[in-house]
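Student: test case, fold it:
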Amino acid sequence: MLNDKPKTTPSHARKGRRRRRGAGLFDSMLTMFIVILAIGGLVALYLNITAGMKNNETRMLVMRTVATIESAYRSQSSYTNGSLLPVLETSGNFEDSEVWESGGTFFMRSPFDTEMTVAGNGARDFTITVAELPKDACTALLEGMMERDRDMDGLTVNGVAVAIPYDSVAVSTACRGNAVDEYDVALTF
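Tutor: Okay, the predicted model is just below:
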């Protein structure tokens, strides 16, 4: 009876067994937090990329519209006084989701799913209006069209004229925050 002491496991042996049981609450929460951050980063990256693509598509749509209208009216002395969307719809240069006709009325949509109009003034000018653009799209469109400003006869943002030629300071002034953060951009060629 020399060994009357109860048998106990040393404390370092117990710790090893606890570690083998799996992750604790803190480890699980930390892993979940890292996963959530990674997903949030991916979503932000996706939204940034799609917004950039829409900005570029809007600029390209405006440039394609200008080229199509100028080509269609090259031999004429004036543009039609009114909507020029029928010319775009029959040109074959636009997808059905961009320009279409329904019940005798023609429609045009920007990549931001906002209304676009193209109207001649009965003389040698026509205006492309892109309605309700977000701030970043307004800035991107004006910066993208800056190289073509020598071809423009006028530019307004939410009804306020921008002097031609314009620069990046004029763009940031024209597209700065307003109450609803939507901008109607009208380019006259």
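Student: flag every buried residue along stretch 154-164.
Tutor: For stretch 154-164, burial by neighbour count (16 or more other C-beta atoms under 10 Å) applies to 155, 156, 157, 162. C-beta here means a position set from N, CA and C on the backbone, and glycine is covered the same way.
Student: show me the contact partners of it.
Tutor: The contact list for stretch 154-164 (C-beta atoms under 8 Å, 6 or more residues apart in numbering) reads 125, 127, 138, 142, 149, 152-153, 166, 170, 174-175, 178, 183-188.
Student: now do that stretch: distance to the chain's middle.
Tutor: 21 Å (C-alpha atoms, centre = their mean, to the nearest Å).
Student: and that stretch, end to end?
Tutor: 7 Å (C-alpha to C-alpha, to the nearest Å).
Student: helices or strands up against the strand of greatest length in the chain?
Tutor: Criterion DSSP state E: the longest strand present in the chain is strand 126-133. If you count contacts as 3 or more C-beta pairs under 8 Å, 6 or more residues apart in numbering; DSSP states H and E, strand 126-133 packs onto helix 25-72, strand 116-121, strand 183-188.
Student: the first one to strand 183-188, inter-axis angle?
Tutor: What that stands for is helix 25-72. Interaxial angle of helix 25-72 relative to strand 183-188 (axes from the mean of the first three to the mean of the last three C-alpha atoms, to 10 degrees): 20 degrees.
Student: so after helix 25-72, what's the next helix or strand?
Tutor: strand 81-83 (DSSP states H and E).
Student: and whichever helix or strand comes after that following strand, what does it pack onto?
Tutor: Downstream of strand 81-83, the first helix or strand assigned by DSSP H and E is helix 85-91. With contacts taken as 3+ C-beta pairs under 8 Å, 6+ apart, helix 85-91 sits against helix 25-72, strand 99-102, strand 105-108, strand 116-121.
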